[in-house]
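Engineer: model this:
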Amino acid sequence: MIFSRKSDYGLRALMYLADRRARGPVTLSEIAEKLMIPKAFLSKILQQLARKGVVRSLKGPSGGFVLAVEPEEVTLQEILTEIDGPTRVFECFATESDCTLYGDCLMREVFGEVEDQIGKVLERYTLADFGLKDKTAGTPAKA
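Structural biologist: Below is the predicted model:
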């Protein structure tokens, strides 16, 4: 519906990096393999997030990707906006120039409110709210 596969993959990769933060850099191959994300697509997503300062890419034999922000300081709304741009229920709601019926649109007010509410919910959650857990024991995963 609203969120792309790119957002899904990017968000899951950031959660993975947040969970493994204490271990240092995580290779692209490890993230791709563990999360079952196509490596080339993941590479493009992480490069985009690196340009935005959300992750940092470290070169060399012990290099990889690390989270460049504190998990509790970045909201899901910020992450999804960095990856895909503003949340839109309908693309034509973006600006008046995107729709010839903008001024007379009967749906804009209602679905504008839907977009606002989605944004408010996503603003309430940060990466820290999604610490990975050991699924068998229900306790936080060991570092």
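Engineer: all contacts plus neighbour counts: C-alpha atoms, from now on.
Structural biologist: Noted.
Engineer: Just confirm Ser57 is within a strand.
Structural biologist: Yes. Assigned with DSSP: H, G, I helix; E, B strand; the rest coil, Ser57 falls within a strand.
Engineer: what's it in contact with, if anything?
Structural biologist: Residues in contact with Ser57 (C-alpha atoms under 8 Å, 6 or more residues apart in numbering) are Ala50, Gly63, Gly64, Phe65, Val66.
Engineer: rerun at 7 Å
Structural biologist: Ala50, Gly64, Phe65, Val66 (C-alpha atoms under 7 Å, 6 or more residues apart in numbering).
Engineer: The third one bridge partners, please.
Structural biologist: It stands for Phe65. Val26, Ser57 (DSSP bridges).
Engineer: From what I see, Leu17 and Leu67 are in contact.
Structural biologist: Yes. Here Leu17 reaches Leu67: they are 5.9 Å apart, a contact under C-alpha atoms under 7 Å.
Engineer: Measure how buried Gly63 is and give me the count.
Structural biologist: Gly63 is flanked by 14 other residues according to other C-alpha atoms under 10 Å.
Engineer: Skip the chain neighbours and tell me the closest residue to it.
Structural biologist: Leaving aside its chain neighbours, Gly63 sits nearest to Pro25 (5.7 Å; criterion: C-alpha to C-alpha, 6 or more residues apart in numbering).
Engineer: and if you look at Asp129?
Structural biologist: Using C-alpha to C-alpha, 6+ apart, the closest residue to Asp129 is Glu72 (7.5 Å).
Engineer: now do Leu67
Structural biologist: Val55 (4.4 Å).
Engineer: what does Ser4 give?
Structural biologist: Nearest residue to Ser4 in three dimensions, chain neighbours excluded: Asp84, at 7.4 Å (C-alpha to C-alpha, 6+ apart).
Engineer: Kindly state the pLDDT recorded for Glu33?
Structural biologist: We have a pLDDT of 97 for Glu33.
Engineer: Next one: it relative to Ala13, how far apart?
Structural biologist: Computed with C-alpha to C-alpha, to the nearest Å, the distance linking Glu33 and Ala13 is 11 Å.
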